[in-house]
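Chemist: attaching a predicted model along with its sequence, questions to come.
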Amino acid sequence: MSKYYRFILAILVIVSILIALVVGSTPISLVKVIQGNHDTWQLIINYRLPRILVAVISGALIGISGLLLQSVLRNQLVDTSILGIMNGSQFLLIAFLVFFPNLLSSNVLLGSFAGLVLTAIWFVVLPKHQPPLRLILLGIATAMTFQALTNITSEGLGVPLPSLSTVTWPQVMQLIMVTIIGWILIIFIWPNLKYFALPSRQVKLLGISEEKTIWFVLLAIGLWTGALTSLIGIVFFLGAILPEIARFMSPKQKSQHLLWPTALWGSLLLLNADTIARTVLAPKELPTSAILLAISGPLFALMLIKGGHHDRH
């Protein structure tokens with residue numbers, strides 16, 4: 001059943017990609033595609049395809065980042081947006097671009113560096129072993145602070161916020177590069193991730209360096225989060241929701257086995273949210289993050305309510 005489930009998700013992602021290629025403010029005729037119409041193919045290659053690839057990769061990385069973060073922190077209610085890492089990365093990126101505007105063409109690599117720095121600072125400064133809800137409240141306070149600073153900087157200095165509508169092929173290549181580097185970090189500590197299903201004290205008795213594993217995971221997540229934020233902006237709650245959807249569909253699976261379903265759900269939701277955002281009021285384009293928030297906000301509230309019920313029982 002698990003194989004069929006992943007296969008169905010993969011097929012849905014492929015179908016969504018095909019739909020995203022042909023719909024939008026400028027509908028694409030399949031006849032012109034088959035006939036090799038030059039303008040049609042230029043539209044697909046230069047505008048639609050880079051945007052679709054970024055949506056697919058970004059959605060997958062948001063889900064994977066959420067799943068890994070929840071595993072190593074042993075808290076199923078967190079993600080990089082809730083902990084303020086996304087907002088902090090965006091603010092640092094904008095600050096870098098204000099002082100070094102000549103680096104705009106390398107904004108994805110610069111964003112990944114900002115995410116790396118912010119995540120390292122977050123892990124060092126944050127008090128360890130926080131209760132789940134306290135950790136969430138600290139994260140939300142951090143996110144609100146960085147969001148306010150971002151808005152002030154963006155509005156005051158006229159720095160545009162990122163959008164999928166401006167994605168280019170060089171940015172796609174930078175995102176792929178950062179994705180590979182992050183995966184190399186995860187591969188180093190992959191065998192140790194299964195031990196995070198055990199209590200921290202028991203992991204130490206087994207001789208596993210828990211802190212080293214957490215560092216590698218956070219560095220990868222920081223790289224990915226900074227790069228994603230530089231392209232799509234802030235996506236609230238999605239990283240917390242995607243692992244929960246995967247767990248709901250496969251309740252008996254361990255976290256490591258939920259990696260692919262979580263990634264596929266992320267690609268599916270972000271890609272279709274972006275397609276809706278650019279077609280529902282075409283030629284006007286809605287923010288993709290707003291469409292996702294309309295979906296993920298209520299779902300996250302349900303997660304908190306569900307968690308509250310479990311705590312009382």
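Modeler: Ah, there it is.
Chemist: ok, the nearest residue to residue 21 once chain neighbours are set aside to residue 17 distance?
Modeler: Excluding the flanking residues, the one nearest residue 21 by C-beta to C-beta, 6 or more residues apart in numbering is residue 48, at 5.4 Å. In this view, the C-beta of every residue, glycine as well, is placed from N, C-alpha and C. Using C-beta to C-beta, to the nearest Å, residue 48 is found at 10 Å from residue 17.
Chemist: who are the contact partners of the residue nearest to residue 21?
Modeler: By C-beta atoms under 8 Å, 6 or more residues apart in numbering, residue 48 lies in contact with 20-21, 24, 28.
Chemist: pLDDT check: weakest of those residues?
Modeler: Least confident entry in these, by pLDDT: residue 24, with 80.
Chemist: pretty sure that residue sits against residue 279.
Modeler: Yes. In terms of C-beta atoms under 8 Å, residue 24 counts as a neighbour of residue 279; the distance is 5.7 Å.
Chemist: and the gap between residue 218 and residue 168?
Modeler: Residue 218 is 29 Å from residue 168, by C-beta to C-beta.
Chemist: my bad, residue 97
Modeler: Note on residue 97: its distance to residue 168, by C-beta to C-beta, is 16 Å.
Chemist: and these two? Which one has more around it.
Modeler: Between residue 97 and residue 168, residue 97 has the larger neighbour count (other C-beta atoms under 10 Å), namely 21 against 16.
Chemist: okay, now the residue nearest to residue 100 when sequence neighbours are not counted: neighbour count?
Modeler: Sequence neighbours aside, residue 110 is the residue nearest to residue 100 in space, at 8.0 Å (criterion: C-beta to C-beta, 6+ apart). Residues near residue 110, counting by other C-beta under 10 Å, number 21.
Chemist: may I see the buried residues of the helix or strand residue 110 falls within?
Modeler: Here residue 110 is covered by helix 107-125, with elements defined by DSSP states H and E. Using 16 or more other C-beta atoms under 10 Å as the test for burial, helix 107-125 gives 107-119, 122-123.
Chemist: now residue 170: how far from residue 104?
Modeler: Separation of residue 170 from residue 104 (C-beta to C-beta): 11 Å.
Chemist: again with residue 168
Modeler: Using C-beta to C-beta, we find residue 168 at a distance of 11 Å from residue 104.
Chemist: before we move on, back to that, which of the contacts of residue 48 ranks first by neighbour count?
Modeler: Tallying neighbours with other C-beta under 10 Å puts residue 20 at the head of those, with 21 neighbours.
Chemist: who's in contact with that one?
Modeler: Under the criterion of C-beta under 8 Å, 6+ apart, the neighbours of residue 20 are 48, 51-52, 55, 271-272, 274-275.
Chemist: for the nearest residue to residue 44 once chain neighbours are set aside, pull up the helix or strand it's in.
Modeler: Spatial nearest neighbour of residue 44, chain neighbours left out: residue 21 (6.1 Å); criterion: C-beta to C-beta, 6+ apart. For residue 21, the host element (DSSP H and E) is helix 2-22.
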